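1. Return a 3D structure for these sequence lines:
(chains A and B)
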Amino acid sequence: MSTGAVLAAGRSSRAQAGAFVGTSTLTWFTLRLDRVRILVWALVLGALPASFLPALEDLMPTQEDRQLRAELIRSPAAVVMSGPGYGLDDYTYGAMVANEIGLLAMVAAAIMSILLVVRHTRTEEETGRAELVRANVVGPRAGLTAALASAVVANLAVGLLLAAGLTAGGLGAVDSLSFGAGVAAVGLVFAGVAALTAQLSEHARASTGLAMAFLGVSFALRAVGDVTELESGSPLTWLSPLGWAQATRAFVDLRWWPLALCLGLAVLTTALAFLLLGRRDVGAGLVRPRPGRAAGHPLLAGPFALTFRLHRGGLTAWVVAVLLAGLAFGSLTDSVTEALVDNELLARTIVTGDGGDLVDGFLAAMIEYLALAVGAYAVSSVLRLRAEETSGRLEPLLSAPVSRWRWLGAGLAVAVLNCAVLLVMAGVGTGVSSAAATGDGGLVLVSLGASLAFLPAVLLVTGVAVLLLGLAPKALGLAWLVVVYALLVGLLGPLLDLPPAAADLSPFSHVPALPAVELTPAPLVWLTGLALVSLLAGMAGFRRRDVPA
Amino acid sequence: MTAAIDIHRLSKSFGSVPALDELEMTVRPGEVAGFLGPNGAGKSTTIRVLLGLLRADSGRVRVLGADPWADAVELHRRIAYVPGDVNLWPGLTGGEAIDLFCRLRGGVDPRRRAALVERFELDPTKKGRTYSKGNRQKVALVAALASDAELLVLDEPTSGLDPLMEAVFQQCVAEAKAEGRTVLLSSHILAEVEKLCDTVTIIRAGRTVQSGTLAELRHLTRTSITVSTERDGASVAGLAGVHDLRERSGALVFDVDDDDLAGVMRHLADLGIRSLVSSPPSLEELFMRHYGDESALTGGGRR
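-> Now for the predicted structure:
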């Protein structure tokens, strides 16, 4: 049982006896349903950092190599995606793991926890399965408690595997344990956050989105905080749960107390979730649904308008998120210039791009990160089209005089259009705030161009997803692999010194890193060509197959 | 005259699981055709083939004279469909969904739409997620009935409706028939089929087991008789066409082939009838005889 549940139970004497009846049965059931998922997450996540250790020892055998790496990782572009940089002055393998891989593991644990908790709370209510369960001898708090208990189990598994793997890899046992504990603690925070957001909205999608937004804000706070002040005391970093977990200084100068902040927030969010749970009906959110239009808007007359309408809410949230992230990243350009003055080695070696201006290199890296997020949006857009099919909503549409070309074409047009909008937002956000930070107004157009150069790569990601939708719809989830792979190449590629062929598998690594390098149109042309071919092949496959399949 | 629906030796399987096995069905224009079968018999699969959603493995399928797979879009201008399990967009109101469907078909007469919304007592301002199953079905029914479609394909359209709404639905189907439209009505509510349909096709495990007009099918059934007589009725057992003779609280209960009904009645009259209850041959009995002890009718769910 989660700490929060215990707390809530102890505190509230008014709670009827039996509010938790059935919790243990439901917990076992939840763990059974998710046994494969939890196992895969725990194994992949738990083994990931340890599996890098041999590569690190191979690539950087001497202290001198490691110090060179430390200087590289001081660059703001690297700090945004890594951490506060404890131990950069004496960069050991342990410090390297904590600084450069810790954040990735924490974000992954947070996403795992959010998906797990929402899946077993709001999704169950939305589908009506919770009603079926609650009609049995099951207390009102049992469902949420079981979901949280499962999240605790999953995060413990991740934490322990991490600690065991790193210890086995030759790092100190206590520090390895603190690293695992930090990742698990972040997971617990976001399990609590998801438990809370699951009470707010009637929809699992909105609950997940809200919790992810919280994760995004936590990430941005620590990114800006860390860039402003390395090895930090920056207040912004201390506002973020991710910042707390990184503040344990694992493998450098270990302290445990920042983890208490994580646990405190986990308990607080959980308690709030139980409080709200006791005040609402099963299936209802806190916001009451209002009546809507009795007749359709005159423009709601075809598949394009329908898809656009269905994507509208999600697009708005993404526009806000990408714009804010761009503004935050761009505002750091100022610190880049400062770092340039402070650090001669850094000025000579640039993470992205070979030579050229450091600001340009920084902007190019930031824009690539945002473009990767837009790639994730592209995959989720195609998944939503598939959801229309599996939910049975597509059949009545295709039973009207609407061809499959028209329906899928409209859906893809909306998806690509939205991706373009998001790329524009990423470019404008980054450009405007970097222009404001440096006083160089030209950066707005430069950033916009650099961002739009990623459209062919995003298009290719969409194409791969559509190919799966048309030819192997049950395997559509594999489309995520493209994005995850591109993300790993983008984040860890420079660290691991990947062979060029492995990096070339990511569509994003072919996009010229504007503005750090010259624009070479050839890759953009063939990326677009490949994308169009896969889009058309996927559409042709969709036209020939059964619906639903 | 071309048949509205013409299916000949239609087969379809999903992987290694056969769903339809040389199915036969013919529906003439202007007819209300019942489509009966237990859950899992292949009704919804057949309907999806008729709509060009699934591709037939083999066999000939013609809808309004056209190939439903190749000519789907043109054909769908003349067809309206109500799925058995209506799923609406959670964020769109019922009214918006109705208008979307109608506009996809090329517009709607607003008076007709309003009249149907009123007859089905539907609140069109509610969001899709807040509707009950019956209300979602009403949304699909209003959209289909408001159209000018020549062929209405209705897949268990009343499974979520209350008896009052069922009556409204039956009126609407009767009106559609009066306007000369063709209706394919899949159902396992036999009373509804008996009330509405001119012809019936009964399928089982993907094969057609019986088809014809209701009168033809009734001919195949037996009348069941419960009678108490003044004199001992044991002699009834020896009569031609009498089946399943048994005694229940002093009365004789048995089934009679319709052809032998007259002879049996004369014999009973000679024995001196004190009371007699006869249940007309029903589709239900026919159905039960085809599916026997499978208890197919009591199973929940659709298909």
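
2. excluding its backbone neighbours, what's nearest B:P90?
-> Distance criterion Cβ to Cβ, 6 or more residues apart in numbering or on different chains; nearest residue to B:P90, sequence neighbours excluded, is B:R129 at 3.8 Å. Where you see a C-beta, it was placed from the backbone N, CA and C, and this is true even at glycine.

3. does chain B sit close to the helix or strand hosting A:Y369?
-> Assigned by DSSP states H and E, A:Y369 belongs to helix A:358-390. No. Between helix A:358-390 and chain B, judged by Cβ under 8 Å from any Cβ of the partner chain, nothing touches; the nearest distance is 8.6 Å.

4. Can you name the next helix or strand after that helix?
-> The helix or strand immediately downstream of helix A:358-390 is helix A:394-398, counting by DSSP H and E.

5. elements contacting the next helix or strand after that following helix?
-> Downstream of helix A:394-398, the first helix or strand assigned by DSSP H and E is helix A:404-438. Counting contacts by 3 or more Cβ pairs under 8 Å, 6 or more residues apart in numbering or on different chains; DSSP states H and E, helix A:404-438 packs against helix A:303-331, helix A:333-342, helix A:358-390, helix A:394-398, helix A:443-452, helix A:455-471, helix A:521-544.

6. what's the angle between the first one and helix A:404-438?
-> By that I understand helix A:303-331. Comparing the axes of helix A:303-331 and helix A:404-438 via axes from the mean of the first three to the mean of the last three Cα atoms, to 10 degrees yields an angle of 20 degrees.

7. doesn't A:I367 make contact with A:G427?
-> Yes. Judged on Cβ atoms under 8 Å, A:G427 makes contact with A:I367 at a distance of 6.8 Å.

8. quick one, which of the two is more surrounded?
-> Taking neighbours as other Cβ atoms under 10 Å in any protein chain shown, A:G427 and A:I367 compare with A:I367 leading, 34 against 29.

9. any idea how far the more buried one lies from chain B?
-> As judged by Cβ to the nearest Cβ, to the nearest Å, A:I367 and chain B stand 32 Å apart.

10. wait, isn't that residue in contact with A:A426?
-> Yes. Judged on Cβ under 8 Å, A:I367 makes contact with A:A426 at a distance of 6.4 Å.

11. Mutual contacts of these two, please.
-> A:S451 (Cβ atoms under 8 Å, 6 or more residues apart in numbering or on different chains).

12. Low-confidence stretches in the chain?
-> You didn't say which chain, so I picked chain A. Low-confidence segments of chain A (pLDDT under 70): A:1-17, A:232-233, A:337, A:339-356, A:494-495.

13. nope, chain B
-> For chain B, the ranges with pLDDT under 70 are B:1, B:219-220, B:281-282, B:289-303.

14. Strands of that one, residue ranges please.
-> B:5-14, B:17-27, B:32-36, B:58-63, B:79-82, B:151-155, B:182-187, B:199-204, B:207-213, B:222-229, B:242-248, B:251-257, B:273-279 (DSSP state E).

15. what would the helices and strands packed on helix A:404-438 look like in JSON lines with distance to B:I225?
-> Listed next are the helices and strands packed on helix A:404-438 as JSON lines, based on distance: least, Cβ to Cβ, whole Å:
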{"stretch": "helix A:303-331", "distance to B:I225": "58"}
{"stretch": "helix A:333-342", "distance to B:I225": "95"}
{"stretch": "helix A:358-390", "distance to B:I225": "52"}
{"stretch": "helix A:394-398", "distance to B:I225": "47"}
{"stretch": "helix A:443-452", "distance to B:I225": "84"}
{"stretch": "helix A:455-471", "distance to B:I225": "61"}
{"stretch": "helix A:521-544", "distance to B:I225": "57"}
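
16. Quick one: closest of those helices to A:L103.
-> helix A:358-390 (12.6 Å; Cβ to Cβ).

17. Identify the residues contacting the residue nearest to B:P90.
-> Neighbours of B:R129 in contact, by Cβ under 8 Å, 6+ apart: A:202, A:289, B:88, B:90-91.

18. So A:E125 sits against A:R280, correct?
-> No. Using Cβ under 8 Å, A:E125 makes no contact with A:R280, being 10.2 Å away.

19. Apart from its chain neighbours, what residue comes closest to the residue of the stretch 1-150 of chain B found nearest chain A?
-> Residue of the stretch 1-150 of chain B nearest chain A, by Cβ to the nearest Cβ: B:D99 (3.2 Å). With Cβ to Cβ, 6+ apart as the criterion, B:D99 has its nearest non-adjacent residue at 3.2 Å, and that residue is A:G296.

20. Tell me the bridge partners for B:I7.
-> Beta bridges link B:I7 to B:M25, B:V61, judged by DSSP bridges.

21. Now do the contacts for it.
-> B:23-26, B:46, B:50, B:59-62.

22. Check the burial of the residue nearest to B:D99 by counting its neighbours.
-> So A:G296, with other Cβ under 10 Å, has 23 neighbours.

23. ok, now which ones touch residue 225?
-> The chain I'm using is chain A. Contacts of A:G225 (Cβ under 8 Å, 6+ apart): A:232, A:234-240, A:243.

24. switch to chain B, that's the one I care about
-> B:I225 neighbours (Cβ under 8 Å, 6+ apart): B:252-256, B:264, B:268, B:276-278.

25. per-domain residue ranges of the chain.
-> Looking at chain A here, since you left the chain open. A:24-283, A:300-549 (automatic domain parsing).

26. nope, chain B
-> As given by automatic domain parsing, the domain ranges for chain B are B:5-212, B:222-280.
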